[in-house]
Structures are given as structure tokens and as C-alpha cells.
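> This is the structure alone, sequence omitted:
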């Protein structure tokens, strides 16, 4: 009896030890996950990095997409309230993707003298393959310092897999060599050439008819609207599209530059749309019907547009408003008096 009781005590003691070991193991595993910098799951990726008072979390809602899909990328900065934060430039380190939309949220107070800032992107891929999103630098410094010391923290590098829409057995698809044309019997050659010639003449005649019809239609529209009315309508359409709010600054400047070039062609008969800025400004000096007082304004406007379109210059809000106002002022000042 005493021996059986001793054996049961040993079994109970062994079971208690096993439970304690398992509890300690899962507790350690949980602590490791909570303090880890990366969480990967089947749906997306979440990476967190800390430096000093700043904690930055980068989140992707998907880590594997098809070329027809889009992904949502967010950067959340958790930092002490008395620090200023400078986020990465628009589109920085995202050259492999097209930016469909992006948004900066207002700072949100979360208690314990800390605040949250968030930027979100909607991205779409160009081609299939594995694409990295390189580290993006976030700067922060303390408010009120006369000469603030700037610190920075970088997001970890993550990778997105973009799958092709082609089936696996078609990825190495190759075109076969073109077979040489079959020779026709000599007796049919004349008939074939005659038929081809008749079809060609019919195509040419149809093209001339539709071209004249389209030209007459455009001419009737231009006769109703003046050059400045057409330009004002295009400016209103540009404003309604909200390209600036969508972050499409370069597209906005492309459209704005095209509007003023079309206006110059309609108003003064100068072939502005087909020329480079240098060619156009050079020809402008020889134009007798173009008012001299507006040449410096137009020169500054077009060169500023070229900086945004070709030199990756990122204009501020005041620059954008000034460019739009310059375009409108030029049109107003050179309106054709009825």
C-alpha cells in the first residue's frame, strides 16, 4: 500500500513538472514573438523597428499578388509628442511599383505623451517577379531646439512576389518561325493583284472621306468656341480631376503645360505642341504677333514645368498654385478681343 502511494506521488510530481515546463516554454515563445521585429503570415507582412523614442511599423496587406492585383502599404510612426517627424519623399524607394493613391493622416494622440502618424500607399506592379521595397528613411528631432539634432530610423527591407497571369506551362512560350508564303498559280495572279488594288483604292477613298468629315466637325466646334474658352474649359476639367490630392503631381504639370501650348497654337498659330521648350522659345523671339510683355512669364512657366516633368523636381503647394495662376494669367492677358 505504501509502495503504491509512493508510485502515485511520483506520477503526480512528474505531471506537475511537465505542465510547468510546457507553460514556461509557451511563455518564452510568446515573449519572443511580442519582442520580434517581423511578423509574416499568409496574408501580408508586418515589420517593426525601434530607435530611441520612435517606433516604426511597416505593413503590407499581401506578400504575394498577381500582376493584376494591388497592394496596400502603410507606415505607422509611434513617437513621443514633443518630436517632429519628417516622412520619406513621395514615391521614394517605390520605383518598382506604380503609385495609384497615397494618404497622410493627421497626427493622433494615443496617451502616455505619445502620438501616431500614418502614411498609406496603394501600389500596383508593372511586371511579374520578386520585387524588394527598400528601406525608407524617417527623420525625427525634438521640438523647440534652436539647432535640433536630427535622428533617423529606417524601415526594414521587404519583398513582394508578383505572379504572372500566364499558366505555368506558358511561361517559356516561344513563337514558331513564320512559314514562307504559298505561291499562287499564275492564272490567278492578275485577278489577285486587281482585287488588292481595288481594296486599296476603297480604303484610301474611305480615309479621305472620314478625314474631311472630322476636319469639318472640328472646324465647326472651333468656330463656336474661342481659343481662351477652350483653354478655360480644359483648366476646369483639370481642377475637377483632383490630381494634386491624388499625388499625381507630374501628371498635373504635363496636363497644364499641354493646355497652354494648345492655347498658343489656337490663339497665335504657333506650332507649340510639337516642339521642345527650347525650340518653341527660340521661335517665339521671331514671332511678330506674340506680345513681348508675356514672353518672360511664359519662359519661366515652361521651364518650371520641365523641371517637374524631366528633372524629378518636387514642387511645394505654393509652387503648384503659382504655376496654375501663371497659366491662367497668361490666357487672360492674351485673350482675343471680340
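Received the coordinates, thanks. Small disclaimer: the values here were computed from a predicted structure and weren't measured. Residues are numbered from 1 along each chain as shown.
> which outside residues touch stretch 147-164?
37-38, 45, 47, 49-52, 54, 56, 58, 60, 62-67, 71, 75, 84, 86, 125, 127-142, 171 (Cβ atoms under 8 Å, 6 or more residues apart in numbering). Any C-beta I mention is one placed from the backbone N, CA and C, and that applies to glycine too.
> Which strand or helix spans residue 271?
Assigned by DSSP states H and E, residue 271 falls within no helix or strand.
> Surely it is in contact with residue 265?
Yes: applying Cβ atoms under 8 Å as the test, residue 271 and residue 265 come out as touching, 6.2 Å apart.
> more neighbours, the two?
Taking neighbours as other Cβ atoms under 10 Å, residue 271 and residue 265 compare with residue 265 leading, 15 against 12.
> pretty sure that one is in a strand, no?
No: under DSSP: H, G, I helix; E, B strand; the rest coil, residue 265 falls outside any strand and is assigned helix.
> Show the model's pLDDT score for it.
Listed pLDDT for residue 265 reads 86.
> related to what we said a few turns ago, just the buried ones out of the contacts of stretch 147-164, please.
By neighbour count, with 16 or more other Cβ atoms under 10 Å, these hold 45, 47, 49, 54, 56, 58, 60, 62-63, 65, 71, 75, 125, 128, 131, 133, 135-136, 138, 140 as buried.
> what residues does stretch 246-260 touch?
Contacts for stretch 246-260 (Cβ under 8 Å, 6+ apart): 90, 99, 101-102, 231, 234-235, 238, 243-244, 273, 298, 301-302, 305, 308-309, 314-315, 320, 323-324, 327, 330-331.
> Just the ones of those in helices?
The members of the contacts of stretch 246-260 that map onto helices under DSSP state H are 231, 234-235, 238, 298, 301-302, 305, 308-309, 320, 323-324, 327, 330-331.
> what ranges do the strands span in this structure?
38-40, 45-51, 54-60, 64-66, 71-80, 83-86, 97-104, 108-111, 114-125, 129-133, 137-142, 151-154, 158-163 (DSSP state E).
> okay if I get these as TSV plus distance to residue 277 and mean pLDDT?
Shown next, in TSV, are those (distance: least, Cβ to Cβ, whole Å; pLDDT from 0 to 100):
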stretch	distance to residue 277	mean pLDDT
strand 38-40	48	56
strand 45-51	44	91
strand 54-60	40	92
strand 64-66	39	87
strand 71-80	35	92
strand 83-86	33	90
strand 97-104	26	79
strand 108-111	44	85
strand 114-125	31	89
strand 129-133	34	85
strand 137-142	34	90
strand 151-154	37	90
strand 158-163	37	87
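> how about those strands in TSV, adding distance to residue 335?
What follows is those, written out as TSV (distance: least, Cβ to Cβ, whole Å):
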stretch	distance to residue 335
strand 38-40	61
strand 45-51	56
strand 54-60	51
strand 64-66	51
strand 71-80	46
strand 83-86	44
strand 97-104	37
strand 108-111	49
strand 114-125	41
strand 129-133	49
strand 137-142	47
strand 151-154	51
strand 158-163	50
